[in-house]
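**Student:** predicted model and sequence below, questions to follow.
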Amino acid sequence: MEIWFWSDTHFGHFNIIRYTGRPFETLAEMDSILIRNFNERVKEDDMCFFLGDFCFKKSGEAIDSPKNAFDYYRSQLKCKNIIFLKGNHDKNNSIKTPIQSLVIKHGGKRIFLTHDPIFAKHDYELNFCGHVHEKWQFRRISPKSIICNLSVEQWNYRPVDFNEINQALSTYIKNET
């Protein structure tokens with residue numbers, strides 16, 4: 001079983017394409033590519049931590065404008081083990097998760113997971129977040145603590161594993177000064 005991380009897909013939200021400069025022409029293209037990218041990487045028995053802003057409740061732009069967007073998009077992702085954290089756009093989309101943040105131990109590190117980087121914890125070496133889309137991939141918040149932005153825009157619109165994050169983090173640390 002592999003562990004994956006992903007954030008801010010915004011399924012069913014056409015304007016996110018324009019707001020963040022996503023390279024898609026239509027909502028249907030964005031949704032189908034994100035779903036394909038997920039299913040190509042994440043296997044059925046893997047685990048994925050999704051750090052918020054999964055989908056809009058109902059989108060007038062969606063071809064079939066699903067009544068329950070969460071069930072519609074979730075059913076297309078083959079992984080059985082997705083742990084959803086609530087994002088700021090998840091309040092009305094039937095995501096039904098009470099999780100605002102959590103701590104995991106992975107890759108020998110304790111990692112704080114949350115949607116919005118404003119809630120990152122300085123006493124964790126690593127914080128994983130979403131919310132800030134294309135703005136930045138890593139940000140140091142104290143001499144011993146770094147935030148990693150897992151928004152899809154930062155990771156070629158696909159979920160990432162800890163090894164990929166760690167490689168990019170090593171490059172970031174090398175280039176810091």
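**Tutor:** Arrived safely. Residues are numbered from 1 along each chain as shown.

**Student:** and the gap between the closest residue to residue 164 other than its chain neighbours and residue 144?
**Tutor:** Nearest non-adjacent residue to residue 164, counting by C-beta to C-beta, 6 or more residues apart in numbering: residue 155, 7.4 Å away. All C-beta spots, glycine's among them, are computed from the backbone N, C-alpha and C. According to C-beta to C-beta, to the nearest Å, residue 155 and residue 144 sit 24 Å apart.

**Student:** and the two? which has more neighbours close in?
**Tutor:** The residue with more neighbours, out of residue 155 and residue 144, is residue 155; 20 against 10, by other C-beta atoms under 10 Å.

**Student:** low-confidence bits of this protein, can you list those?
**Tutor:** Scanning the chain for pLDDT under 70 picks out the ranges 57-67, 89-94, 177.

**Student:** so what's the closest residue to residue 145 other than its chain neighbours up against?
**Tutor:** Distance criterion C-beta to C-beta, 6+ apart; nearest residue to residue 145, sequence neighbours excluded, is residue 122 at 5.0 Å. By C-beta atoms under 8 Å, 6 or more residues apart in numbering, the residues touching residue 122 are 141, 142, 144, 145.

**Student:** scan these and report the most crowded one.
**Tutor:** The most crowded member of those, judged by other C-beta under 10 Å, is residue 145 (17 neighbours).

**Student:** buried sites along stretch 167-176?
**Tutor:** Using 16 or more other C-beta atoms under 10 Å as the test for burial, stretch 167-176 gives 168, 169, 172.

**Student:** which helices and strands does the strand or helix carrying the second one pack with?
**Tutor:** In this assignment (DSSP states H and E), residue 169 forms part of helix 162-175. With contacts defined as 3 or more C-beta pairs under 8 Å, 6 or more residues apart in numbering; DSSP states H and E, the packing partners of helix 162-175 are strand 3-6, strand 138-142, strand 145-149.

**Student:** so which residues make contact with that helix?
**Tutor:** Contact with helix 162-175 is made by 3, 5, 106, 107, 126, 128, 137, 138, 146, 148, 150, 155, as judged by C-beta under 8 Å, 6+ apart.
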